[in-house]
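Asker: when you get a sec, could you give me coordinates for this:
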Amino acid sequence: MSSTEGAPRGVIPPHLLRGQKALVTGANSGIGKATAIGMGRAGADVVVNYVSGREEAEKVVEEIASFGVRAVAYEADVSDEDQVVAMTNRMVEEFGTIDILVANAGLQRDSAFTEMTLAQWQKVIDVNLTGQFLCAREATKEFLRRGVVPEVSSSAGKIICMSSVHQIIPWAGHVNYASSKGGVQMMMETLAQELAPQKIRVNAIAPGAIRTPINRSAWDTEQAEQDLLKLIPYGRVGDPADIAHAAVGLASDLMDYVVGTTLYVDGGMTLFPGFATGG
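Answerer: Model (predicted):
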């Protein structure tokens, strides 16, 4: 079963992103994988970025190619400036341009605050925040060089920053992760403000609890899932396809007037469900 087939409802129109070129970072598993497949299903050619796990990345490429579009896997560490520059340049050389960036690559290095090492703090900030900055900067250079191509899209480019509900929900034991996502929110909004006059749309998606390898312990047993559902008013744990559908929509001209917005895809987790019974 493909990543997007796990969606409870909805089918991505195969023409929605036709002719566009998308780069999805961290795209060999989880949310990135589903999003890359969703972009391909919508008609975009896709670069599947990964930092490890080439075999998994190549499988994603094969699935995307089955939709009749082009896909390639590029290895690059998004926290390394030289590698990001090289990846973006190579994409422009081989695909002609870039229209959509989904800055998804991220990780966790969890620890109680007083036991957290500088290395744990720095690694998460480097990948989750600096990595998005580097990828967005390089994509924007190409957007500005090329400008708007009306027959392709109404905008010169689209950047989708993958954030988290923890950009606004504090998370004890994860101060590095929550801080990185809070930074993503302000970076996204500042970029949106700066780049909107150049017809570049910058937005973010903030997933809630999604069934991915990064948080498997939170949902892979019946008890863990029941505990998690107490935080989700909608009554189910999210699937990567829920995020893929949101990303495809944000990247399309259907949402051309959406600028500087965070789309929370969380089943209501940010509605403070603890206050639902007379708080």
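
Asker: identify the residues contacting the residue nearest to residue 96 when sequence neighbours are not counted.
Answerer: Residue nearest to residue 96 in three dimensions, not counting chain neighbours: residue 21, with 6.9 Å by C-beta to C-beta, 6 or more residues apart in numbering. The way it works is simple: take the backbone N, C-alpha and C, and place the C-beta from them, glycine included. Contacts for residue 21 were tallied using C-beta atoms under 8 Å, 6 or more residues apart in numbering; they are 44-47, 91, 95-100.

Asker: rerun at 7 Å
Answerer: 44-45, 95-99 (C-beta atoms under 7 Å, 6 or more residues apart in numbering).

Asker: against which helices or strands is the one helix or strand residue 250 maps to packed?
Answerer: If you go by DSSP states H and E, residue 250 is part of helix 240-251. Judged by 3 or more C-beta pairs under 7 Å, 6 or more residues apart in numbering; DSSP states H and E, helix 240-251 is in contact with helix 30-41, strand 157-162, strand 200-207, strand 262-265.

Asker: need these in a markdown table with mean neighbour count, can you?
Answerer: Below are the helices and strands packed on helix 240-251 laid out as a markdown table (neighbours: other C-beta atoms under 10 Å):
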| stretch | mean neighbour count |
| --- | --- |
| helix 30-41 | 30 |
| strand 157-162 | 27 |
| strand 200-207 | 25 |
| strand 262-265 | 20 |
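
Asker: roughly how far apart are residue 265 and residue 169?
Answerer: 14 Å (C-beta to C-beta, to the nearest Å).

Asker: if we can go back for a sec, please name whichever of the helices and strands packed on helix 240-251 is nearest to residue 274.
Answerer: strand 262-265 (17.1 Å; C-beta to C-beta).

Asker: contact partners of the top helix by length along the chain?
Answerer: The longest helix of the chain (DSSP state H) is helix 175-195. With contacts defined as C-beta under 7 Å, 6+ apart, helix 175-195 is touched by 108-109, 113, 116, 120-121, 124-125, 128-129, 132-133, 136, 140, 159, 161, 163-164, 166-167, 170-171, 202-204, 259-260, 262.
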